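Peer 1: Turn this into a model:
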Amino acid sequence: EADGLGGVDTLPALFDRVLVDAECTHDGSVAHVVGEHSASRQRQKPQPRAGEDALTPPAGEEEAPATPTAEGGARRLHAAGAELRELQLALLRRGFELLRPGGALVYSTCSFSRAQNEALVAAFLADVNDADGASEPPLAVVEDVLEEACAPAATAGGLSLAEAEARSFRDRCTVTRIAEDEAPSAKDWGPAVRLTPMRAETSFQFMVKLRKAQHQEAGS
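Peer 2: Predicted coordinates:
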């Protein structure tokens, strides 16, 4: 349950910062995908006969590496059904409710799927900002999270922030846009960041930072 937080649902909006590390299809998590791939191969592998080496696959059956892909995320989301998207939206809404006015929320997943990331956050913003973004000022806005997200990725190996900047740590991240789809006519709510295995040398991560308006009443 989205409110299954052990009494948190009774609290007013008290928090300056909220992290919504949402349940997702995990298709961008290298460790998760490799582990699941290996377990699946093990289940499908025939048991060796007496005298055979159980650790050596037959010729032509070498294990293929598991590679996270956007297509994998779409397939997993389709298999999970609408319940997962509803859970993600509920978690995002709840996290936003628990913010103080002026507070910041980061929504993140380890899925490549736009439906779980940019499109989902765009749907949330359209809802909280009266569907057409006409709230003046808006109740929730997107803030640039590029430096906050990408500097740690570059400094994880022991570099100082100055060294990371000299080596252009921004190159480790991909800037994307919060929109329902990739059509030019889709409303652009602002930037988000994707850390990809090949560029950031880590598992995939999607991150977007939202700011709650100062004028919004607590709990709304």
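Peer 1: Give me the buried stretch members for the biggest strand by length in the chain, please.
Peer 2: For the chain, the strand reaching the highest residue count under DSSP state E is reported as strand 99-109. Residues of strand 99-109 classed as buried: 99, 100, 103, 104, 105, 106, 107, 108, 109 (neighbour count, 16 or more other C-beta atoms under 10 Å). C-beta coordinates here come from the backbone N, C-alpha and C atoms, glycine included.
Peer 1: shaky segments in this protein?
Peer 2: The model of the chain has pLDDT under 70 over residues 1-13, 30-81, 131-136, 149-171, 200, 215-220.
Peer 1: Past the longest strand of the chain, which element shows up next along the chain?
Peer 2: helix 118-128 (DSSP states H and E).
Peer 1: Next, the angle strand 99-109 makes with that next one.
Peer 2: 160 degrees (axes from the mean of the first three to the mean of the last three C-alpha atoms, to 10 degrees).
Peer 1: How much space separates residue 24 from residue 147?
Peer 2: 24 Å (C-beta to C-beta, to the nearest Å).
Peer 1: Tell me which of those two has more neighbours.
Peer 2: residue 24 (26 against 14; other C-beta atoms under 10 Å).
Peer 1: What values do phi and psi take at the more buried one?
Peer 2: Torsion angles at residue 24 (phi, psi; degrees, to the nearest 10) stand at phi -150, psi -170.
Peer 1: Enumerate every residue touching it.
Peer 2: Going by C-beta atoms under 8 Å, 6 or more residues apart in numbering, residue 24 touches 84, 88, 109, 110, 111, 113, 116.
Peer 1: Widest-spaced pair of those?
Peer 2: With C-beta to C-beta as the measure, no two of those lie farther apart than 84 and 110, at 13.5 Å.
Peer 1: neighbour count winner among those two?
Peer 2: More crowded of residue 84 and residue 110, by other C-beta under 10 Å: residue 110, with 24 against 20.
Peer 1: now that one: how far from residue 207?
Peer 2: Counting by C-beta to C-beta - residue 110 and residue 207 are separated by 10 Å.
Peer 1: Equivalent analysis for residue 15, please.
Peer 2: Applying C-beta to C-beta to residue 15 and residue 207 gives a distance of 18 Å.
Peer 1: And for residue 105?
Peer 2: 11 Å.
Peer 1: next one: residue 182
Peer 2: From residue 182 over to residue 207 (counting by C-beta to C-beta), the distance is 19 Å.
Peer 1: between those two, who's got more neighbours?
Peer 2: For residue 182 versus residue 207, neighbours defined as other C-beta under 10 Å are more numerous around residue 207 (21 against 11).
Peer 1: my guess is the more buried one contacts residue 106, does it?
Peer 2: Yes. The criterion here is C-beta atoms under 8 Å, and residue 207 meets it with residue 106 at 5.9 Å.
Peer 1: all helices for the chain, in order.
Peer 2: 30-44, 70-80, 82-97, 118-128, 146-155, 161-166, 197-200 (DSSP state H).
Peer 1: could you say what helices and strands the shortest one packs with?
Peer 2: Put plainly, it is helix 197-200. Judged by 3 or more C-beta pairs under 8 Å, 6 or more residues apart in numbering; DSSP states H and E, helix 197-200 is in contact with strand 173-177.
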